[in-house]
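Novice: Here is my input; please provide its structure:
(one chain, ligands or ions: 3)
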Amino acid sequence: MNFHDDIWLILLSLTASGFAMYITLGFISHLYRTTSRYKSVLLGVYSFAIGSGLWAILFINLLIFHDNLSLTIFSADMLAAWFVALIIGLTLCFVTSKKVVVLSNLILGGALIGIGSYAMFYFALAGLNEINHVSSTVALITFEPLSLLLAISVACIASVISLAIIAWIKDFSGENKPFIKLIFSVITGITILAIHAIFNTSIMLKTAQAAQPFVSTFADKTMLALVITLGLVCLFLLAFVIALYYEKFGVSNLMARKNNPDAANTGFKDPLTQLPNRRAFQHELQTAVKRSARASNTIALAYIDLDHFKPINDNFGHHVGDAVLFSVAQRLNAAVRVCDSVARIGGDEFVALIDEIKSDADIIPIVERIVQSIKEPFLIQGQQIDISCSVGIAVYPRDGDIDKLMVCADAAMYKAKESGKNQFRFFDSEIESASDQMLEMQRDLRLAIENNEFSLVFQPKIHCKTQSPVGAEALIRWNHPTKGVILPIDFIPAAERFGLINQINDWVVTEGCRAIYRAREAGTNLNISINLARQQFRNPNLVDEILQLRKRYKIPAKNLMFEIKETTAIRNEEQFKQLLRQFKAADIKVALDDFGSHQFSLSYLQHLNIDEIKLDKVFIGQINENKTSRSLVDAVIRLAHALDLNVVAEGVETKAQHDALVDLNCDHMQGYLFSAPIPEEKLLKLFQQLSINFKSTGQFSVSDYQTEAA
Ligand code: C2E
Ligand code: CA
Ligand code: CA
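Specialist: Numbering: from 1, shown residues only. Ligands and ions are numbered 1, 2, ... in the order given. Okay, here's the model as predicted:
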């Protein structure tokens, strides 16, 4: 070798090795994270690219060390060198992309690669030298035993270290990752060259007079090396293209897979996302807990719930919702380490088992990655979809035993949602007491349904101008055996969460209808408004059930109205509109409740087939304090009247508010000024007394309500 002549070759060799290592790191990360079912194909492609790359680099290095070599790439020795290189590539990919890289694998793999490298070197050199020596190549190469031992030892040690670093980098997620990858690639380039140089010192070649140099001039050598490098770049690009193809292929197969789930898979796998299902996860959790008890380390359970997922199904259709869930699964898998596992346990609920951790600090980067990865927009069928997730984390054994872990993580997730979503929350003592209360609430609510502990109270609705009673709103109360009367705000959200609300609401609707029936039996024509909960939207039989009740209790359509909160309507717009169409067809009346409590749009009103709007109490409370409120109420009433809607003011507490509403031409009102919600008998008595008074005085008065309802 002539250093001056070969400096370009050396630089080329370093660049080629550095490049190859940089790309290799990418390959390994990809192998580690991919959820493609073609993982073994990818492993093959990458091993092939890496092995062939090593072979090409060795070739360049040999050109540096030996001036008088002859060449046949397709000689048996050359093919043998290539074959060994492929085994090295496979070993590297196999060992480093594993979920858990254990020391024994590193050592075995490193030794295999070290010895393999030497074998490869030997075959390549023999191959390069062979053409003019028909006789055995062995005769041409003699070993220097001590240097041979040294060379192989150095190669093995360097390989073990490199494997360890590659395995570490694939899962590293710090800021400086590209920089670290670059440095490592450069060092690898130098190491490979150095090792080849050491290999070179361990042999003696008898080539001097015999060989007819195939490439001898500087220009020839550089040219050849450049061609090899170019070939190497092409090879790696090709590997990339193949990998991309398989990744994509995995995705486009989604539908086929979903419709034809692998029979053997269905028991433990979620057919849509291919993730383990709840059952499989329970299994995995048990194993992890046992393992962690043996190794006395800690595991964490992250409960991941998507924020704002339901509207995606409603607004874009289920196929888009499914595609989002599939992508979510892939992103979650990519966000966790390979020793962790992700499962889908419900519609938009996932869990991640974070294994082998020492402290909370180990968990945080992983859950941060989870939250961040879901926050990135999803592009599904050309539509951008933005969601986020809330994550609750419970740690074993700190937060409880295996049975409690899921409940704790769920409670922490709920807290994360409450605190504004798109974040994670660790389980703590505050959540613990809240979740204990929740458990108690759940148990009590089930008992309440069983033992019929609910009742309805009724708040009269009054005609603004005449002050005559026009009906009543039915409001639920829970008569708890030990805690007394519980208001809906303190149990409706819990009932919704535990999926008990439908049973409760069915009871409310039935009971409301019976109240109308009983009032008529007692001689009073009563109009009742019933509040509909969010979940009732999803009940496809709702209209039929209402019609049946109306029929059973012989209730005229005008006697029964349903209130739906404005926010619920807006959040479930499509379903709401559909429900309105069904209601219209069945002649069921609808009021938009709490109108104006949130952002609202007046123009929105004209597209809705509703009968009434109920102005939120916040508006009414400010009607005399604040000119804007008064003007707004004025505008809403005018528009509503233009659209032929009835306007009810809620939360009327003072005479001044009452007067203002009369001025503004409001239709009906309800509030403490007249009466708080009262039991059925009291309501009927009130209405009867009012009509008696009316007969004698010819008018209704506020004071009559106050004395009778009190
Ligand atoms: P909402 O539908 O807006 O009901 C009106 C609430 O305002 C009632 O509270 C009522 O007692 C209260 N209220 C009445 N007059 C006044 C007043 O002058 N000033 C003030 N500050 N408040 C007044 P309640 O009964 O505690 O109900 C709260 C919420 O719980 C209701 O709000 C409704 O959203 C829900 N809810 C009640 N009953 C049911 C039910 O049977 N089913 C469903 N799904 N939700 C219900
Ligand atoms: Ca209401
Ligand atoms: Ca309301």
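Novice: Now do stretch 384-391, average pLDDT.
Specialist: For stretch 384-391, mean pLDDT rounds to 94.
Novice: How about the residues of the stretch 401-550 of the chain by ligand 2?
Specialist: Asn531 (C-beta under 5 Å from the ion). Where C-beta positions appear, they are placed from N, C-alpha and C, glycine not excepted.
Novice: where are the low-confidence patches of the stretch 601-710 of the chain?
Specialist: Within the stretch 601-710 of the chain, the stretches with pLDDT under 70 are 601.
Novice: Now do the strands in it.
Specialist: 612-615, 646-649, 668-669, 678-679 (DSSP state E, counting those that start in this stretch).
Novice: Now these in JSON lines, please, with extra columns for mean neighbour count and distance to Phe123.
Specialist: Shown next, in JSON lines, are the strands of the stretch 601-710 of the chain (neighbours: other C-beta atoms under 10 Å; distance: least, C-beta to C-beta, whole Å):
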{"stretch": "strand 612-615", "mean neighbour count": "26", "distance to Phe123": "86"}
{"stretch": "strand 646-649", "mean neighbour count": "25", "distance to Phe123": "91"}
{"stretch": "strand 668-669", "mean neighbour count": "25", "distance to Phe123": "95"}
{"stretch": "strand 678-679", "mean neighbour count": "16", "distance to Phe123": "96"}
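Novice: looking at the ones you listed, which is closest to ligand 2?
Specialist: Ligand 2 lies closest to strand 612-615 among these, at 6.4 Å (C-beta to the ion).
Novice: which strands and helices sit next to the closest one?
Specialist: strand 589-595, helix 627-642, strand 646-649 (3 or more C-beta pairs under 8 Å, 6 or more residues apart in numbering; DSSP states H and E).
Novice: Quick one: closest of those to ligand 2.
Specialist: strand 589-595 (4.3 Å).
Novice: helices or strands up against the closest one?
Specialist: strand 560-565, helix 566-571, helix 573-585, strand 612-615.
Novice: Which residues does the shortest one contact?
Specialist: By that I understand strand 612-615. 561, 563, 589-596, 605, 633, 636, 640, 645-650, 666 (C-beta atoms under 8 Å, 6 or more residues apart in numbering).
Novice: swap in the longest one?
Specialist: Contacts to helix 573-585, defined as C-beta under 8 Å, 6+ apart, come from residues 314-315, 537-538, 542-543, 562, 564, 568-570, 589-590, 608-610.
Novice: switch to 10 Å and redo it
Specialist: 310-311, 313-317, 532, 534, 536-540, 542-544, 546, 562, 564, 566, 568-570, 572, 588-590, 592, 604, 607-611 (C-beta atoms under 10 Å, 6 or more residues apart in numbering).
Novice: The closest residue to Ser388 other than its chain neighbours: what secondary structure?
Specialist: Among residues not flanking Ser388 along the chain, Asn422 sits closest, at 3.7 Å (C-beta to C-beta, 6 or more residues apart in numbering). Classification of Asn422 by DSSP: H, G, I helix; E, B strand; the rest coil places it in coil.
Novice: Same list (the helices and strands packed on strand 589-595) but as JSON lines, adding distance to Gly53.
Specialist: Shown next, in JSON lines, are these (distance: least, C-beta to C-beta, whole Å):
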{"stretch": "strand 560-565", "distance to Gly53": "63"}
{"stretch": "helix 566-571", "distance to Gly53": "54"}
{"stretch": "helix 573-585", "distance to Gly53": "54"}
{"stretch": "strand 612-615", "distance to Gly53": "71"}
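Novice: Would you format those as TSV with distance to ligand 3 included?
Specialist: Listed next are those as TSV, based on distance: least, C-beta to the ion, whole Å:
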stretch	distance to ligand 3
strand 560-565	7
helix 566-571	9
helix 573-585	16
strand 612-615	5
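Novice: Out of those, indicate the one that is most buried.
Specialist: strand 612-615 (a mean of 26; mean count of other C-beta atoms under 10 Å).
Novice: Can you give the strand pairings for that one, parallel or anti for each?
Specialist: strand 589-595 (parallel), strand 646-649 (parallel) (DSSP bridges).
Novice: mind checking which of those strands is nearest ligand 3?
Specialist: Between those, strand 589-595 lies closest to ligand 3; by C-beta to the ion that is 4.4 Å.
Novice: helices and strands of the protein: which one has the lowest mean pLDDT?
Specialist: helix 254-259 (a mean of 40; mean pLDDT, DSSP states H and E).
Novice: what element comes up after it heading to the C-terminus?
Specialist: Per DSSP states H and E, the first helix or strand lying C-terminal to helix 254-259 is helix 278-295.
Novice: Now do that following helix: which elements does it pack against?
Specialist: Contacts defined by 3 or more C-beta pairs under 10 Å, 6 or more residues apart in numbering; DSSP states H and E place helix 278-295 against strand 298-307, strand 341-346, strand 349-357, strand 388-396, helix 402-418.
Novice: Tell me the buried residues in the longest one?
Specialist: The neighbour-count criterion (16 or more other C-beta atoms under 10 Å) identifies 402, 404-417 as the buried residues of helix 402-418.
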